[in-house]
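Engineer: coordinates only, sequence not included:
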């Protein structure tokens, strides 16, 4: 245990008009499929940032890196090794995660910008380390809802089930200076950042937007000048923001059809981001940061899940996924021959139960403890019930789970990608997530076991050195 020090930074991802023009001069790729008639974003509606938080107890720091993108933009081993060479910090101690923003740039457009911006943010954070006091608290926010909705025929879609399981807990780790002024906050909440997905402005043009997490961080940073707020996605594989499916998705028989007026989705995104910030501030404003001494420890492991086969592999992965959602307009975009009279032809064929392949899916997990707070990371999209179980069974009372950590966007053939991981209680629900690479049924135990093995590793290090 030593004196707690932190360094924090916030650096904007700068996209030039030339970048957008170049991207739109090429054939757009969506869900791995070429879309010759589709046009990509033409500018920035609300800016995206990379935020970094370095935390140290006098020994080697751990650095959290938050990207306001959909994935971690391939900032994996090569990036971490480069940062180790630049900073001397061990490559494993960079915890890179995205907010899983569906209104952000494509991986191709975003990766080079994210790479350079994250590098700058990390260097800035490590170069402004200062004494800090820490506090932790949990509050509530009510902007999320279970998106697993059962259809009249007994099958499932992405919708809004207000009676379904939904964890409203928001975890907040706050760091103050000696004057009691906020320096940084690490916020964790389980909700997809999808409100600006496929949105257009008043002129009908697609733009890049930081989605509701960007507006949340911006609101709180203006409320607490001089602070930097890193938003992180908790276990949200089955959680969407309320109202998301009034934007563009056509779910036959479940959700009202039709698009909203141009520009509306961006305004609603801002409203929900600021509503979320107001919820969080009910907890933040009363927090007391008094812990000046804390041990910062780190461990990682691989969680090995059972692999299942993909249904209808002759189609791009997104087609069976859209069919499982009963997303008629989505299927029509990528396989129009499968839609007739507003219905998906032979939809039941896309809902065959996957079978075990005998192989495993390797998902990286990470654990950082700062004093009496434990932060669990997973390179996947976990169901909210799994997150709650991790918190209940953690040896640390103050525990939260960050998903979409580095590794989640590994999609090359022959490489592992955690993707959606259903909870045991939801394994019967044949949702979009049900047809991921990971076979549901025992995922709660595998995830919790991975977490507990990391705690045991830290315990062994403390006892045996």
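Structural biologist: Okay, I see it. In this text, all values refer to a predicted model and were calculated from it rather than measured experimentally.
Engineer: for the stretch 301-450 of the chain, which spans come out with low pLDDT?
Structural biologist: 407-417 (pLDDT under 70).
Engineer: again, only using 90
Structural biologist: 310-336, 341-343, 346-354, 406-419, 430-433, 435-436 (pLDDT under 90).
Engineer: Please enumerate the strands of it.
Structural biologist: Under the criterion DSSP state E, counting those that start in this stretch, the stretch 301-450 of the chain contains strands at 339-340, 343-344, 356-370, 373-378, 381-382, 398-403, 420-421.
Engineer: Pick the most deeply packed of those.
Structural biologist: Stretch with highest mean neighbour count among these: strand 381-382 (a mean of 27; mean count of other CB atoms under 10 Å). For the C-beta atoms, the positions are set from N, CA and C on the backbone; glycine is no exception.
Engineer: Please enumerate residues in contact with that one?
Structural biologist: Contacts to strand 381-382, defined as CB atoms under 8 Å, 6 or more residues apart in numbering, come from residues 100, 235-237, 401, 403-404, 408, 418-421, 423, 433, 443, 447.
Engineer: Mind checking which of those are in helices?
Structural biologist: Counting by DSSP state H, the part of the contacts of strand 381-382 found in helices is 443, 447.
Engineer: next SSE after the host helix or strand of residue 112?
Structural biologist: Counting by DSSP states H and E, the element that carries residue 112 is helix 107-127. Scanning forward in sequence from helix 107-127 by DSSP H and E, the next helix or strand is strand 130-131.
Engineer: Partner strands of that following strand and their direction?
Structural biologist: Strand pairing for strand 130-131, determined by DSSP bridges: strand 5-12 (antiparallel).
Engineer: what comes up buried for the helix or strand just after the strand it pairs with?
Structural biologist: Note on strand 5-12: by DSSP H and E, the next helix or strand toward the C-terminus is helix 17-24. Within helix 17-24, the residues that count as buried by 16 or more other CB atoms under 10 Å are 19, 20, 23, 24.
Engineer: go on, stretch 271-290?
Structural biologist: 272-277, 279-281, 283-284, 287, 289.
Engineer: what mean pLDDT does it have?
Structural biologist: For stretch 271-290, mean pLDDT is 97.
Engineer: what's it in contact with?
Structural biologist: 132-135, 137-143, 170, 172, 174-176, 180, 182, 185, 187, 189, 195, 211-216, 218-220, 223-224, 241-243.
Engineer: List the ones among those residues that fall in helices.
Structural biologist: Filtering the contacts of stretch 271-290 for helices - DSSP H - leaves 211, 212, 213, 214, 215, 216, 218, 219, 220, 223.
Engineer: So what's the residue count around the second one?
Structural biologist: By that I understand residue 212. 31 (other CB atoms under 10 Å).
Engineer: do the same with the first one
Structural biologist: Per other CB under 10 Å, the neighbour tally for residue 211 reads 32.
Engineer: Local confidence estimate at the residue nearest to it when sequence neighbours are not counted?
Structural biologist: In space, and not counting its chain neighbours, residue 211 is closest to residue 193: 4.0 Å by CB to CB, 6 or more residues apart in numbering. Note on residue 193: pLDDT of 97.
Engineer: now swap in residue 254 and tell me
Structural biologist: 51.
Engineer: between the ones in helices among the contacts of stretch 271-290, which is closest to residue 318?
Structural biologist: residue 211 (20.2 Å; CB to CB).
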